[in-house]
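> Coordinates for the following, if possible.
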Amino acid sequence: MLAAERQGHILDEVRRRGAVRVAELAAQFGVSDMTIRRDLDALVARGALDKVHGGATSKRTPSTEEPGFEVKWLRQQDEKDAIARAAADQVTPGSAVGVSAGTTTWTLAQHLRNIPGLTVVTNSMRVADVLRADDDSDLNVVLTGGVRTPSDALVGPIAVSSLRQLHLDVVFLGVHGIDPSAGFTTPNLLEADTDRALVAAGKRLVVLADHTKWDTIGISTIAALDEADVVISDEGLPPEAHDVLNEHVGKLVIAPSEPTTTTGTADTPS
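Numbers count the residues shown, from 1 in each chain. Here you go, the predicted structure:
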């Protein structure tokens, strides 16, 4: 195998798993540890990954970087739909539900349309648009006011004030990152304040996060790991994440992936 081809496979492994070890790669490709280290050095020089002791990790993004909605929606679509389907199973008809902004929670909103008698409180314009699209639905949608962010969240003192007056049965929270020490985080300070108010309004907290959110840290913490009653992720979540989350959260749910093209639920955002 040529070095360039091997490096391409290594990069795929890092993107899939989040981290790799030199010894594992050497055994996988039948080459020496030194060859793998040279491959990692080449990938680091290209800015494709971060080298750590004994291996490499996916490239870390700045803690304040916040991609727009469309950019995030294009990532891990199958995983997000699987997570959304599993999250919808957590909802009881007739309950009061809080839904934060984000592409995974936006996908969840499409499944909530099929559950009768819900009142959904959200600070996401995108989520509200999905839920209000069906005129025949008995859904009640409450949209907080506030200042719009790049992820189409409504944040700030108006949003926080409205959420502090509410009592919700369950809150579904989308996050930018999960870290053992930092907890569940976001790159937007104002969104963190609003999300904390949303979390405080709920009896139960369900965090929706695909595997790429593991070992990622935004600038501000929304909640500690042990504040989550349930975390729903996908089959790509690395083993070390399983260990940490099973220790700290109420329950870890791994949603099996199915192609979004077969579900008919993940509409293209507009």
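> Can you tell me which helices and strands the helix or strand Ser161 falls within packs against?
Following DSSP states H and E, one finds Ser161 within helix 157-163. Here helix 157-163 touches helix 189-201, going by 3 or more Cβ pairs under 8 Å, 6 or more residues apart in numbering; DSSP states H and E. All C-beta atoms are positioned from the backbone trio N, CA, C, and that covers glycine.
> after the helix it packs on, next one along is what?
Counting by DSSP H and E, what follows helix 189-201 is strand 202-208.
> Are there helices or strands packed against that next one, and which ones?
Looks like strand 202-208 contacts helix 77-88, helix 103-112, strand 168-174, strand 230-234 (3+ Cβ pairs under 8 Å, 6+ apart).
> about what we covered before: got the buried residues for the helix holding Ser161?
Neighbour-count burial for helix 157-163, counted by 16 or more other Cβ atoms under 10 Å, picks out 159-160, 162-163.
> Output the residues you listed as TSV; include the columns distance to Gly218 and pLDDT.
Conversion of these to TSV gives the following (distance: Cβ to Cβ, whole Å; pLDDT from 0 to 100):
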residue	distance to Gly218	pLDDT
Ala159	18	96
Val160	18	96
Ser162	23	95
Leu163	20	97
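> Distance to Ile10 added to those residues, as JSON lines?
JSON lines is the format used below for the buried residues of helix 157-163 (distance: Cβ to Cβ, whole Å):
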{"residue": "Ala159", "distance to Ile10": "43"}
{"residue": "Val160", "distance to Ile10": "45"}
{"residue": "Ser162", "distance to Ile10": "48"}
{"residue": "Leu163", "distance to Ile10": "45"}
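> so what does the helix of greatest length in the chain touch, helix or strand wise?
Across the chain, the helix with the greatest residue count (assigned by DSSP state H) is helix 3-17. Packing partners of helix 3-17 (3+ Cβ pairs under 8 Å, 6+ apart): strand 19-21, helix 22-29, helix 33-45, strand 55-58.
> Could you pull up phi and psi at the residue nearest the centre of the chain?
The chain has Ala209 as the residue nearest its centroid, 2.9 Å off, counting by Cα atoms, centre = their mean. Torsion angles at Ala209 (phi, psi; degrees, to the nearest 10) stand at phi -150, psi 120.
> what does Arg148 give?
phi -80, psi 140.
> can you list contacts of the helix holding Ser161?
Outside helix 157-163, the residues within contact range by Cβ atoms under 8 Å, 6 or more residues apart in numbering are 98, 121, 123, 144-147, 193-194, 197-198, 200-201.
> rerun that using 7 Å as the cut-off
Helix 157-163 is contacted by residues 123, 144-146, 193-194, 197-198, 201 when judged by Cβ atoms under 7 Å, 6 or more residues apart in numbering.
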